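**Q** After the sequence you'll find the predicted model.
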Amino acid sequence: MFNVVCQNMRIFISHATKNKEVVLKFAEFLESVSSEIEVFCSSENGSIKVGKDFIKTIFEELNSSALFIPVLSKEYYESRFCMIELGVAYSYFFNKYEKEGEEYIMPFALHPVTRGQALSGTPMANIQTGEMNDEDDIKSLLEYLSAEKGVHIGAGVNRKLHSFKAELDQIFLTKQNIVELARIGTYFDDSIDFKRKEDVVSYSVKDNAIIVNYNVNPYEKMEVKKPNFISMVLKYVDTIDLGRYLDFNDAAEFTFVLTSFTNSLMRIYVEFKYTGQSVLETFKLPVVYGENKLSIPLKEMRSKALTQIKEICFVIHPEDVVEEEGMFQIGEIRIC
């Protein structure tokens, strides 16, 4: 959590420790736009003590604060300390100012949590929530501080805001987990005869790595129609923007480690599909037995479509395997 302490303005910012890097940038930005804003930082397991002093300390901080900003993230909801702070703050301001108490709470959602998800299903659902990566929402906060709290906002706000947004994007992109954001699935040409999908291809996830088992002739028939393809797919409910990485580093690469546990797989194809299931680009990568560190330069796909990736597909064909049955693992999927 954070406290913004100043001569005329004090803001209590509640956050999860794991989001400290983002909130530090937010605090630095607030300090930079007004000399009347001074920031005091403490984490959920830092200067606010647990135990019998925990609630008392929160009340003391809230009593001297004019605004409470919870930074709502996945990690925030997983922290019981953060949830206590949020509940105590809402109760405190509501009891002190009645219905107007909601005006003293300005939540900000942290990607991938959206404003619509942030307080849904809670007594605070009616409170307007901003998004940390939305410049207009940050501007609204500054306008509120200026118009309602009398805080003088200095010159160069737009430049500082753009800089803050760029720093935020870099943090998000660095920490973005491409696998966690996706829905994983396995597929094949189902025009073949099969009893169970799992007989042809199945997958499991361990330590953020995906293990794929495949068999192009699961019933060991002498003459059989084999699937034209077998694939493991990362699907995104919303699109994922891979083009943004090139804004910060033109040498950005999509990388992963493929471990072939059987001496069967000779090559794998990686397809990038964008909105509408259209294929942006397909890359053919050689595979040997054991560990394969593979990479694809993003600049080879530079286009608007790269900002709207819907699926990343890892595909094999019958001609890509030596033996009919095999197993491989794909892990360490990231943008470097």
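**A** That came through fine. Residues are numbered from 1 along each chain as shown.

**Q** mind checking how far residue 333 is from residue 244?
**A** Using Cβ to Cβ, to the nearest Å, residue 333 is found at 17 Å from residue 244. (C-beta placed from N, C-alpha, C; glycine too.)

**Q** didn't residue 108 look like it was pressed against residue 127?
**A** No. Assessed by Cβ atoms under 8 Å, residue 108 is found out of contact with residue 127, at 11.3 Å.

**Q** Of those two, which one has the most company?
**A** Shown here are residue 108 and residue 127; by other Cβ atoms under 10 Å, residue 108 has more neighbours (25 against 17).

**Q** Per-residue pLDDT of the more buried one, please?
**A** For residue 108, the model assigns a pLDDT of 94.

**Q** now it, which residues is it bridged with?
**A** Beta-bridge pairing for residue 108 (DSSP bridges): residue 71, residue 130.

**Q** any idea where the strands of the stretch 201-336 of the chain begin and end?
**A** Listed in chain order, the strands of the stretch 201-336 of the chain (DSSP state E, counting those that start in this stretch) span 201-206, 209-215, 230-240, 253-260, 267-274, 278-286, 290-297, 309-316, 325-335.

**Q** quick one: which of those is nearest residue 141?
**A** Among the strands of the stretch 201-336 of the chain, strand 230-240 comes nearest to residue 141, with 25.0 Å by Cβ to Cβ.

**Q** who does that closest one touch, helix- and strand-wise?
**A** Secondary-structure packing of strand 230-240 (3 or more Cβ pairs under 8 Å, 6 or more residues apart in numbering; DSSP states H and E): strand 183-188, strand 201-206, strand 209-215, strand 309-316.

**Q** ok, and what's touching that strand?
**A** Outside of strand 230-240, the residues within contact range by Cβ atoms under 8 Å, 6 or more residues apart in numbering are 178-179, 181-188, 200-201, 203, 210, 212, 214, 216, 274-275, 307-317, 330, 333.

**Q** Out of the helices and strands packed on strand 230-240, the one nearest residue 163 is which?
**A** strand 309-316 (26.9 Å).

**Q** Strand partners (parallel or antiparallel) of that closest one?
**A** Going by DSSP bridges, the partners of strand 309-316 are strand 230-240 (antiparallel), strand 267-274 (antiparallel).

**Q** TSV for these, including distance to residue 132, mean neighbour count and mean pLDDT?
**A** Listed next are those as TSV, based on distance: least, Cβ to Cβ, whole Å; neighbours: other Cβ atoms under 10 Å; pLDDT from 0 to 100:
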stretch	distance to residue 132	mean neighbour count	mean pLDDT
strand 230-240	17	17	95
strand 267-274	26	19	98
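
**Q** closest to residue 87 out of these?
**A** Set against residue 87 and scored by Cβ to Cβ, the strands paired with strand 309-316 come closest in strand 230-240, at 30.0 Å.

**Q** Out of the strands paired with strand 309-316, which gets nearest to residue 324?
**A** strand 230-240 (11.2 Å).

**Q** Go through the strands of the stretch 201-336 of the chain and name the closest to residue 166.
**A** Closest among the strands of the stretch 201-336 of the chain, once you apply Cβ to Cβ, is strand 325-335, at 16.6 Å.

**Q** ok, the closest one: who's next to it in the sheet?
**A** According to DSSP bridges, strand 325-335 has these partners: strand 209-215 (antiparallel), strand 253-260 (antiparallel).

**Q** Give the next helix or strand downstream of the least confident helix or strand in the chain by mean pLDDT.
**A** Lowest on mean pLDDT, DSSP states H and E among the helices and strands of the chain sits strand 2-5, with a mean of 52. For strand 2-5, the succeeding helix or strand toward the C-terminus, using DSSP states H and E, is strand 10-14.

**Q** Buried residues, the following helix or strand past that next one. List them.
**A** Later in the chain than strand 10-14, the nearest helix or strand by DSSP H and E is helix 20-33. By 16 or more other Cβ atoms under 10 Å, the buried positions in helix 20-33 come out as 20, 22-27, 29-30, 32-33.

**Q** same deal with stretch 312-326?
**A** Neighbour counts over stretch 312-326 (16+ other Cβ under 10 Å) mark 312-317, 320-321, 326 as buried.

**Q** Using PDB, write out every CA atom in it.
**A** The C-alpha trace of stretch 312-326 is given here as PDB (Å, rounded to 0.1, in the frame of the first residue of the first chain):
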ATOM      1  CA  ILE A 312      -0.500 -19.100 -31.500                       C
ATOM      2  CA  CYS A 313      -0.500 -22.700 -32.900                       C
ATOM      3  CA  PHE A 314       2.300 -25.300 -32.600                       C
ATOM      4  CA  VAL A 315       1.600 -27.700 -35.500                       C
ATOM      5  CA  ILE A 316       3.000 -31.100 -36.600                       C
ATOM      6  CA  HIS A 317       2.200 -33.200 -39.700                       C
ATOM      7  CA  PRO A 318       2.700 -36.900 -40.400                       C
ATOM      8  CA  GLU A 319       5.700 -36.100 -42.500                       C
ATOM      9  CA  ASP A 320       7.300 -34.200 -39.500                       C
ATOM     10  CA  VAL A 321       7.600 -37.300 -37.400                       C
ATOM     11  CA  VAL A 322       9.800 -40.400 -37.700                       C
ATOM     12  CA  GLU A 323       7.700 -42.600 -35.400                       C
ATOM     13  CA  GLU A 324       4.000 -42.600 -35.200                       C
ATOM     14  CA  GLU A 325       3.900 -41.900 -31.400                       C
ATOM     15  CA  GLY A 326       5.800 -39.300 -29.500                       C
END
